[in-house]
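Asker: sharing a sequence plus its predicted fold:
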Amino acid sequence: MTSLGKTWSEAQCGTEAGHQLHVRRKERVCYSCMQGHDRYRADLRGYESTGPKVPDPRQVRNSLPPFRPYVYRGTGADAYTGEVVE
């Protein structure tokens, strides 16, 4: 146990090392370790991380809907002047 009261594998979750530890122990890889592995691979290849290809299995807390980021779908032009805004 570490000083935080967690085992070593739980303390490392969310990192590439945690992902490797799950694989070495032939355990099911948790979602946070999948995210860490994806970030590591994207950084290694020079790309932006897109996230794991599987949906997040963790339960949504406090009965809140899952977070969906805002996507601007406007025309790109100012409605008042008609000037194109970038």
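Answerer: Sure, I can see it.

Asker: contacting residues around the helix or strand harbouring L44?
Answerer: Following DSSP states H and E, one finds L44 within helix 31-45. Identification of contacts with helix 31-45 by C-beta atoms under 8 Å, 6 or more residues apart in numbering yields 13-16, 18-19, 22, 29, 48-52, 54, 56-58. Using the backbone N, CA and C atoms, a C-beta is placed for each residue, glycine as well.

Asker: can you do 6 Å?
Answerer: Helix 31-45 is contacted from outside by 13-16, 18-19, 22, 49, 51-52, 56-58, using C-beta atoms under 6 Å, 6 or more residues apart in numbering.

Asker: ok, now how distant is the residue nearest the centre of the chain from S63?
Answerer: What sits nearest the mean C-alpha location of the chain, by C-alpha atoms, centre = their mean, is Q35, with 4.5 Å. Q35 is 24 Å from S63, where distance means C-beta to C-beta, to the nearest Å.

Asker: same check, this time on Y31
Answerer: Distance, Y31 to S63, by C-beta to C-beta: 20 Å.

Asker: how far does stretch 52-69 sit from its chain's centre?
Answerer: Remark: stretch 52-69 is offset 11 Å from the chain centroid, using C-alpha atoms, centre = their mean, to the nearest Å.
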